[in-house]
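**Q** This is the structure alone, sequence omitted:
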């Protein structure tokens, strides 16, 4: 049986994450971050909101995909004649398509048969070839692996490639810089939605060095708990389904590399109900006046359910705003 074991990639060292911030397209950096008074009153603690959906792809994934494409192209691993292939529920694929267009790299994205049409259309608009295959994300991921092998393309797996996590970690740099500048209070807890794990790996990698007292808590739906169950059991555990409406965290087959990178960077993994996610989504949409997708509600749902939230200021991370059409 495979067991989870710590791994330390040079890309995830604090200096590398800090340096990465300057190498990411400015459309994805400098996202809004502030203490929200209404949510703070509701929670009984200062709630720091960071909005990662005000950018060309309306999601945080632009940071990591831009950095990964830039670094892989610079190393000659991908190029105009060497396509990059990935599976995505939508936001990762959008980010990859946006970066691929900018760097002249062909992009092929596999999505499942029930993929969010809004996200799929935007991937195509950015120039990606989109292929729908399989009943869920992990079936699409298997199809993307076969396609890459058969066509001599480079497979980029969200959660497996450290550069993706490094890019995601740059949002945490902005948070601690805000603390140093006196515009934000020191974080006691960061609630991070978890799909394939790149986001929590990057955020955890930065906070361990810059704010080691901050609890880093991963959040999943109890309808798609594979990464949480794997983390708790210390070995990758597949689930029969990933039946959450929040496609951004609908992982059925855990990414073992991400689980290894989470060791030492994540304090806890928690599950929230589908009902709690929907309630949190509605409440955030009302409080912030912006569209909040299902996965982006996970932070707030977990905060409200946490009996230990009175420890101090907490992060609610708005990871995206790409909701399916009505």
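**A** Cool, the structure landed. Nothing here was measured: the structure is a model prediction, and the numbers come from that model. Numbers count the residues shown, from 1 in each chain.

**Q** okay, CA-based contacts and neighbour counts for the rest of this
**A** Fine.

**Q** mind checking the SS state of residue 86?
**A** Counting by DSSP: H, G, I helix; E, B strand; the rest coil, the backbone at residue 86 sits in strand.

**Q** Please tell me how far it sits from residue 29.
**A** To residue 29, residue 86 is 23 Å away according to CA to CA, to the nearest Å.

**Q** Was I right to think residue 208 contacts residue 267?
**A** No - between residue 208 and residue 267 there is no contact, the gap being 10.4 Å when judged by CA atoms under 8 Å.

**Q** which one of the two has more residues nearby?
**A** Taking other CA atoms under 10 Å, residue 208 and residue 267 do not tie; residue 208 has more neighbours (17 against 13).

**Q** list the contacts for that one?
**A** In this structure, residue 208 makes contact with 214, 265, judged by CA atoms under 8 Å, 6 or more residues apart in numbering.

**Q** so it, which of the three states?
**A** Under three-state DSSP, the three-state class of residue 208 is helix.

**Q** per-residue confidence at it?
**A** Residue 208 is assigned 97 on the pLDDT scale.

**Q** Also residue 1?
**A** pLDDT recorded at residue 1 is 59.

**Q** cool, and the one 5 residues further on?
**A** With respect to pLDDT, residue 6 scores 88.

**Q** starting at the chain centroid, how far to stretch 166-183?
**A** Here the centre of stretch 166-183 is set off from its chain's centre by 16 Å, with CA atoms, centre = their mean, to the nearest Å.

**Q** Can you pull the phi/psi pair for residue 108?
**A** phi -120, psi 120 (degrees, to the nearest 10).

**Q** tell me which residues in stretch 116-132 are buried?
**A** Under the neighbour-count criterion of 16 or more other CA atoms under 10 Å, stretch 116-132 has 116, 119-120, 122-124, 126-132 buried.

**Q** whoops, I mixed them up, stretch 128-147
**A** Neighbour-count burial for stretch 128-147 flags 128-134, 136-141, 143-145, 147 (criterion: 16+ other CA under 10 Å).

**Q** what do you get for stretch 319-326?
**A** Across stretch 319-326, burial judged by 16+ other CA under 10 Å covers 319, 320, 321, 322, 323.

**Q** Please name the spatially closest residue to the last one (chain neighbours excluded).
**A** If I follow you right, that is residue 323. residue 293 (5.2 Å; CA to CA, 6 or more residues apart in numbering).

**Q** Repeat that for the first one.
**A** Excluding its sequence neighbours, the residue lying closest to residue 319 (CA to CA, 6+ apart) is residue 296, at 4.8 Å.

**Q** what ranges do the helices span in the stretch 1-150 of the chain?
**A** Remark: helices assigned in the stretch 1-150 of the chain by DSSP state H, counting those that start in this stretch are 14-21, 37-43, 61-74, 91-103, 117-125, 137-151.

**Q** How much space separates the nearest residue to residue 54 once chain neighbours are set aside from residue 59?
**A** Distance criterion CA to CA, 6+ apart; nearest residue to residue 54, sequence neighbours excluded, is residue 31 at 7.2 Å. As defined by CA to CA, residue 31 lies at a distance of 11 Å from residue 59.
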